[in-house]
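# quick one, what's the 3D model for this:
(chains A and B)
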Amino acid sequence: MLKMMRKTSSSGYSYCSSSSSSRRGMSYCLHSTTLVVPVHNYMASLHSQSSKPIKSQLGKLVRDPPSKPKFTTLEDALKVFDEMLHRRPLPSVVRFNQILGQLAKLKQYSAVITLNKQMVLIGIAHSACTLNIIINCYCRLNQMGFSLSVLGHFFKLGLKPDTRTFNTLINGFVLENRVAEATGLFSKMVEEGHCLPNVITFSTLIKGLCMKGNNSAAIQFLRKMEKRGCEADVVVYSTIIDSLCKDTLVVDALNLFSEMINRGIAPNVITYTSLIDGVCRLGQWKEATRILDEMVSNNIFPNVFTFSVLVDALCKEGMVVEAQSVVQMMIQRDIEPGTITYNSLMDGYCLRGEMDEARKVFDLMVRKGSMVDSRSCNVLINGYCKQKKIGEAEKIFQEMPRRELVPDTITYNTLVDSFCKAGRIRDAQRLFSKMQECGQLPNIRTYTILLHGLCSNQQLSTAIELLREMEANKLELDIVVYTVVIEGLWKAGNIESARELFYGLSTKQLQPSVRTYTVMIDGLCKGGLIVEAEKLIREMKEKGCSPDGCTYNIMIRGCIDNNEMSRAMGLIQQMVERGFSADASTVELIVDSLSQDRVDPALLPLLKNS
DNA sequence: CTAGGGTTAG
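Here you go, the predicted model:
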């Protein structure tokens, strides 16, 4: 990335290092001639946007009655609404729809619902548009039940649901990750409904499939819509491109990108931002620069999202100084860093353990006024916890209500984990209860954390009790949960129960992970059960679950400890062949064995690369 | 007047 920042390319946009590099690192500027042009273009395009064509403004003045509602806050909207209710004759439903629509855009969904109820009381007849807005609000409030019941009102009122109605409902299911129901509604719409799906229908479904990680199904839908004569657009392509990038399938993403360009669909800043995110995830900074250059030469300019992606990528690489410079650059270009930008920056400092710097960012957000959100707190809490400064973390946690922020599952999980790691099981349990009292449902990770805490604090029986409780409550337990408990059982020397739980996994339809096998192998080796451990290595390979470096190291150490030197040598060879290497404690053990003439010195070269 | 895509944390 440094290279990327320093690059003085001839193709339009690039970062350059300032000659006056400060102590904390280089500050970047945009003063090379190659940069000036795009930046000016950029500013110019901003201006032309804000000073909207005069013609259309005139047109609006003529077309729109003077009473057209305009507001930016809930209070204003309520005032206008109230005034309208008292006007006689009552304004048309369209006027009311405008208010509801604008409020929905301001994300005041519950307010929309409330106002709608007043409309019903006054006797204003709904239009299909009103109902569509209401459906959308219920969807956004995760109240699909109500959304669907509004669908019934259409028929009662003699109205027909339209494509927008279905699209909104489909989107509602997608937002709740209920993709099967979304596709079900789609089929219903196509098979028995009278409204045709349009590009938005498809893109909504494609988004749902992408959310499920089903990229191939998403691409199939892309092909399907084309066959139906429904042309894909930039949104459809961007959705899939983004999903591929998230799965680091950047090559596929770039292919799809070429495809859309060949079809004359112009990418926009979102498409480019997704691609930049994708290549940054792979650490391909040069490619990131290339894409940045390309977008700018196409007159598409990075926005707050694009910059935030860069800030985040740099932070994840530990290059906080460079990230800070990108933030500086944003400010220079009048792109205000947002909460997300600062949260990424804060996390960058936390990752490096620079908590004072992280705290400065937090305080800066506070000073700027209500920029801090619950995620900011989570990031900082996590940072403090990782530095074992639980007291500081707790302070941030306790201050959350004062900032009108609600701790979420992540907040609690972070703190519970931290308490467990500090051996403060009671505190962890207390917080676990508190989160439930506060209406935050523990998720599977919360339980995993607690189980792990109990196991590593000699409270195995409580852990088992909790596990049984979870099973009884029909929680969807995953392999991670069982692996944690199996590990606890081994540590407590409860060999039989560990075996029993492990061999019983298949009846629970759970596949052991590499980690599960490794935990088992570790336990078996420590119990001197080398043969059984080796059997497990074979089994995992057969099941397509390849042992990793950790598995080999543990098995090799087990063999040496149990004086199974030829087995150990075979495994060392195998491990190296598979591209893993001995870790420090394995090397130590091997060197010891060599000095005692217990192993073949021919092995020594194999360890060199570790 | 109503519907779809991009950035952050455990």
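# sec struct for A:N299, please.
For A:N299, the secondary structure call by DSSP: H, G, I helix; E, B strand; the rest coil comes out as coil.
# can you check my assumption that A:F580 lies in a helix?
No - going by three-state DSSP, the assignment for A:F580 is coil, not a helix.
# what separation do you get for it and A:K543?
From A:F580 across to A:K543, the span is 19 Å (Cβ to Cβ, to the nearest Å). In short, each C-beta sits where N, CA and C put it, glycine included.
# swap in A:L345?
Computed as Cβ to Cβ, the A:L345 to A:K543 distance reads 43 Å.
# rewinding a little: who's more crowded, A:F580 and A:K543?
The residue with more neighbours, out of A:F580 and A:K543, is A:F580; 18 against 11, by other Cβ atoms under 10 Å.
# show me what contacts the closest residue to the more buried one other than its chain neighbours?
Nearest non-adjacent residue to A:F580, counting by Cβ to Cβ, 6 or more residues apart in numbering: A:G549, 3.6 Å away. Going by Cβ atoms under 8 Å, 6 or more residues apart in numbering, A:G549 touches A:M575, A:F580, A:S581, A:D583.
# check the closest residue to the last one other than its chain neighbours and give its pLDDT.
Setting aside the residues directly before and after it, A:D583 is nearest to A:N553 in space (Cβ to Cβ, 6+ apart), at 5.0 Å. In the prediction, the pLDDT value recorded for A:N553 is 95.
# what residues are up against A:D408?
Counted by Cβ under 8 Å, 6+ apart, A:D408 has contacts A:S374, A:N378, A:Q440.
# distance of it from A:K212?
23 Å.
# for stretch A:422-435, buried residues please.
A:R424, A:I425, A:D427, A:A428, A:Q429, A:L431, A:F432, A:M435 (16 or more other Cβ atoms under 10 Å).
# I'd say A:T163 and A:V190 touch.
No - contact criterion Cβ atoms under 8 Å: A:T163 and A:V190 do not qualify, at 11.1 Å.
# can you list residues touching both of the two?
Residues touching both A:T163 and A:V190 by Cβ under 8 Å, 6+ apart: A:L196, A:P197.
# for A:Y109, which residues are in contact?
For A:Y109, the contact set (Cβ under 8 Å, 6+ apart) comprises A:C137, A:Y138, A:R140, A:L141.
# could you dump those into TSV and include secondary structure, neighbour count and distance to DNA strand B?
Shown next, in TSV, are the contacts of A:Y109 (DSSP: H, G, I helix; E, B strand; the rest coil; neighbours: other Cβ atoms under 10 Å; distance: Cβ to the nearest atom of the strand, whole Å):
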residue	secondary structure	neighbour count	distance to DNA strand B
A:C137	helix	25	9
A:Y138	helix	22	12
A:R140	helix	18	8
A:L141	coil	15	13
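# what's the domain layout of chain A?
Following automatic domain parsing, chain A resolves into domains at A:64-161, A:163-232.
# how about these in CSV, adding mean pLDDT and distance to A:G523?
What follows is the domains of chain A, written out as CSV (pLDDT from 0 to 100; distance: least, Cβ to Cβ, whole Å):
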stretch, mean pLDDT, distance to A:G523
domain A:64-161, 91, 43
domain A:163-232, 94, 33
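# need those domains in TSV (columns: distance to A:Y272).
Below are the domains of chain A laid out as TSV (distance: least, Cβ to Cβ, whole Å):
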stretch	distance to A:Y272
domain A:64-161	25
domain A:163-232	18
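# could you identify which of these is most buried?
Here the criterion is mean neighbour count by mean count of other Cβ atoms under 10 Å, and of the domains of chain A the winner is domain A:163-232, at a mean of 18.
# now that one: how far from the chain's centre is it?
22 Å (Cα atoms, centre = their mean, to the nearest Å).
# then stretch A:310-323?
Distance of stretch A:310-323 from its chain centroid, counting by Cα atoms, centre = their mean, is 18 Å.
# let me know the average pLDDT across that stretch.
The pLDDT scores in stretch A:310-323 average 96.
# list the buried residues in the host helix or strand of A:R557.
Per DSSP states H and E: A:R557 is located in helix A:549-561. Using 16+ other Cβ under 10 Å as the test for burial, helix A:549-561 gives A:G549, A:T551, A:Y552, A:N553, A:I554, A:M555, A:I556, A:R557, A:G558, A:C559, A:I560.
# how many neighbours does the nearest residue to the fifth one once chain neighbours are set aside have?
Distance criterion Cβ to Cβ, 6+ apart; nearest residue to A:I554, sequence neighbours excluded, is A:D522 at 4.8 Å. A:D522 has 21 neighbouring residues, counting by other Cβ under 10 Å.
# next secondary structure after the strand or helix carrying A:D522?
Element membership of A:D522, judged by DSSP H and E, is helix A:514-526. The helix or strand immediately downstream of helix A:514-526 is helix A:530-542, counting by DSSP H and E.
# averaged pLDDT, that next one. What do you get?
Averaged over helix A:530-542, pLDDT sits at 95.
# what's the answer for stretch A:284-299, then?
What stretch A:284-299 shows for mean pLDDT is 95.
# mind saving the C-alpha coords of it as PDB?
C-alpha atoms of stretch A:284-299 as PDB (Å, rounded to 0.1, in the frame of the first residue of the first chain):
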ATOM      1  CA  GLN A 284      -3.300  -6.300  -4.000                       C
ATOM      2  CA  TRP A 285      -2.500  -2.600  -3.500                       C
ATOM      3  CA  LYS A 286      -1.200  -2.100  -7.000                       C
ATOM      4  CA  GLU A 287      -4.400  -3.400  -8.500                       C
ATOM      5  CA  ALA A 288      -6.300  -1.100  -6.100                       C
ATOM      6  CA  THR A 289      -4.400   1.800  -7.500                       C
ATOM      7  CA  ARG A 290      -5.100   0.700 -11.000                       C
ATOM      8  CA  ILE A 291      -8.800   0.600 -10.400                       C
ATOM      9  CA  LEU A 292      -8.700   4.000  -8.600                       C
ATOM     10  CA  ASP A 293      -6.900   5.400 -11.700                       C
ATOM     11  CA  GLU A 294      -9.400   3.800 -14.000                       C
ATOM     12  CA  MET A 295     -12.400   5.100 -12.200                       C
ATOM     13  CA  VAL A 296     -11.100   8.600 -12.100                       C
ATOM     14  CA  SER A 297     -10.200   8.600 -15.700                       C
ATOM     15  CA  ASN A 298     -13.800   7.600 -16.400                       C
ATOM     16  CA  ASN A 299     -14.900  10.600 -14.400                       C
END
